[in-house]
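Participant: I would like to see how this sequence folds:
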Amino acid sequence: MANHGVASVLAVAALLLVAVSTFPAECGAHRAADARGHTKGVHSIGVCNGVLGNNLPSPADVVKLYRSKGITAMRIYAPESNVLRALSGTGIGLLMDVPNESITAFASSPSAAAAWVKANVQPYPGVSFRYIAVGNEIMDVDAQKNILPAMKNLDAALAAAHLGGIKVSTALRFDVFTDTFPPSSGVFADDDFMDPIAEYLENTGAPLLANVYPYFAYVGDTTNIHLDYATFQPGTTVTDDGNGLTYTSLFDAMVDSIYAALEDSGRPGVKVVVSETGWPSSGSFAATVQNARTYNQNLINHVGGGTPKRPGPLETYMFAMFNENLKTGDETERHFGLFNPDKSPAYTLSF
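Facilitator: As a prediction, the model looks like this:
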């Protein structure tokens, strides 16, 4: 996760601001994947488990914490054998990344993809793999050309290993979408890059994975975006004249602009999974415990109802489980955790 360019959503609050509306109720449990990745369905909320810290709990303790809090899905950013062993038999659904640096080899060599599956998926039949993300937020134009060939080779490797129920996608930075306000105007910023990926996802039944951060949109334009709108609180309502829908949260507007981009591409049936979202509790403007708690609790309560355009559970992964003291970049990068490294809550949440 890095600072996200959000210029396309920064005009949000300048238009059509009226009175407050209410939010969908918190959902109960939904469906979960089986141990071989064949999706029976999903719960709405998972949490990303980053490991860029020198004081983090052991994988076994991390998994125990997920289970004690009722968190039913996890994202990891690379195969971690200790984490995979700890997850075995728990039923916790897993979104696992292929690291960005591996994608060139996957794209050019089916055998590299097959070897990766043999080393990192096949030895763990008790793990409930849901998705594998081929890369995270790859914005380099040349590197982007390798994503789809790598996805195809990985899909073939999974199928050959009789693991075709595990869906293959790629995790996208929000910058790949543009004209996102109003939401109904959303399109891909680069059709040559995204149209073939959207077509492939439609053909395979895999979701589009998108990292969605209202926090970065808000701090980039506090004049036009209100804090209440960015954190699911009452106070702002925005009407989209293009689709007639009413929005009470920036998160919903951003997600529905992704659906609009998929429709514009001719792929309206592709599902969206929010592969990262969160709010920092320290380190910069608006990064406070109060704002982080408000955003994340309201997110948990909200996603079971979906968005105005797509009602129903929206599978969402919160970033992140722990504050990670070795993350680079802005100070906020080290303060997205829901928990401290000693497993105490960074602030109180109810899952």
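Participant: look at the most centrally placed residue in the chain and give its secondary structure.
Facilitator: By CA atoms, centre = their mean, the chain has its centre lying nearest to residue 275, at 1.2 Å. Secondary structure assignment for residue 275 (DSSP: H, G, I helix; E, B strand; the rest coil): strand.
Participant: that one contacts residue 171, doesn't it?
Facilitator: Yes. If you go by CB atoms under 8 Å, residue 275 and residue 171 touch, sitting 4.6 Å apart. From N, CA and C alone the C-beta is placed, and that goes for glycine too.
Participant: which neighbours do the two share?
Facilitator: 133, 209-211 (CB atoms under 8 Å, 6 or more residues apart in numbering).
Participant: ok so, going back, next one: the residue lying closest to the residue nearest to the centre of the chain once chain neighbours are set aside relative to residue 67, how far apart?
Facilitator: The shortest distance from residue 275 to any non-neighbouring residue, by CB to CB, 6 or more residues apart in numbering, is to residue 209 (4.0 Å). Residue 209 sits 24 Å away from residue 67, going by CB to CB, to the nearest Å.
Participant: can you check residue 226 too?
Facilitator: From residue 226 to residue 67 the distance is 37 Å (CB to CB).
Participant: okay, and the helix or strand of the chain with the least pLDDT?
Facilitator: Least confident element among the helices and strands of the chain, by mean pLDDT, DSSP states H and E: strand 17-18 (a mean of 36).
Participant: helix or strand right after it?
Facilitator: Downstream of strand 17-18, the next assigned helix or strand under DSSP states H and E is strand 45-48.
Participant: tell me what that following strand is packed against?
Facilitator: Under the contact definition 3 or more CB pairs under 8 Å, 6 or more residues apart in numbering; DSSP states H and E, strand 45-48 sits against strand 73-76, strand 316-318.
Participant: mean neighbour count and distance to residue 111 added to the ones you listed, as JSON lines?
Facilitator: JSON lines is the format used below for those (neighbours: other CB atoms under 10 Å; distance: least, CB to CB, whole Å):
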{"stretch": "strand 73-76", "mean neighbour count": "24", "distance to residue 111": "24"}
{"stretch": "strand 316-318", "mean neighbour count": "25", "distance to residue 111": "31"}
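Participant: I'd like these as CSV, with mean pLDDT and distance to residue 82 appended.
Facilitator: What follows is the helices and strands packed on strand 45-48, written out as CSV (pLDDT from 0 to 100; distance: least, CB to CB, whole Å):
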stretch, mean pLDDT, distance to residue 82
strand 73-76, 98, 11
strand 316-318, 98, 20
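Participant: format these as CSV; extra columns: distance to residue 232.
Facilitator: Output for the helices and strands packed on strand 45-48, formatted as CSV (distance: least, CB to CB, whole Å):
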stretch, distance to residue 232
strand 73-76, 21
strand 316-318, 12
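Participant: among the ones you listed, single out whichever gets nearest to residue 154.
Facilitator: Across those, residue 154 has its closest neighbour in strand 73-76 (16.1 Å, CB to CB).
Participant: ok, the closest one: who's next to it in the sheet?
Facilitator: Looking at strand 73-76 with DSSP bridges, its partner strands are strand 45-48 (parallel), strand 93-98 (parallel).
Participant: give me the contacts around the helix or strand just after the longest one.
Facilitator: In the C-terminal direction, the helix or strand that comes right after strand 93-98 (DSSP H and E) is helix 103-108. Contacts to helix 103-108, defined as CB under 8 Å, 6+ apart, come from residues 98, 112-113, 116, 134-135, 138, 143, 146-147, 149-150, 153-154.
Participant: report the mean per-residue pLDDT for the helix or strand just after helix 103-108.
Facilitator: Reading on from helix 103-108 to the C-terminus, the next helix or strand found by DSSP H and E is helix 110-120. In this model, helix 110-120 has a mean pLDDT of 98.
Participant: helices along this protein, start to end?
Facilitator: Counting by DSSP state H, the chain has these helices, from start to end: 59-68, 81-87, 103-108, 110-120, 141-144, 147-160, 191-204, 214-220, 227-230, 250-264, 289-302.
Participant: out of these, indicate the one that is most buried.
Facilitator: Burial of the helices of the chain is given as mean neighbour count (mean count of other CB atoms under 10 Å); helix 250-264 ranks first at a mean of 25.
Participant: who does that helix touch, helix- and strand-wise?
Facilitator: Using 3+ CB pairs under 8 Å, 6+ apart: helix 250-264 touches strand 177-178, strand 187-188, strand 208-211, helix 214-220, strand 272-277.
Participant: from the chain's centroid, how far away is the second one?
Facilitator: Strand 187-188 has its average C-alpha position 18 Å from the chain's average C-alpha position, going by CA atoms, centre = their mean, to the nearest Å.
Participant: distance of residue 60 from residue 90?
Facilitator: Taken as CB to CB, the span from residue 60 to residue 90 is 11 Å.
Participant: can you check residue 291 too?
Facilitator: 32 Å.
Participant: same deal with residue 98?
Facilitator: Distance from residue 98 to residue 90, by CB to CB: 22 Å.
Participant: of these two, which one has the most company?
Facilitator: residue 98 (26 against 18; other CB atoms under 10 Å).
Participant: without its sequence neighbours, what residue ends up closest to that one?
Facilitator: In space, residue 98 is closest to residue 134, 4.9 Å off (CB to CB, 6+ apart).
Participant: and the pLDDT at that neighbour?
Facilitator: pLDDT at residue 134 comes out at 98.
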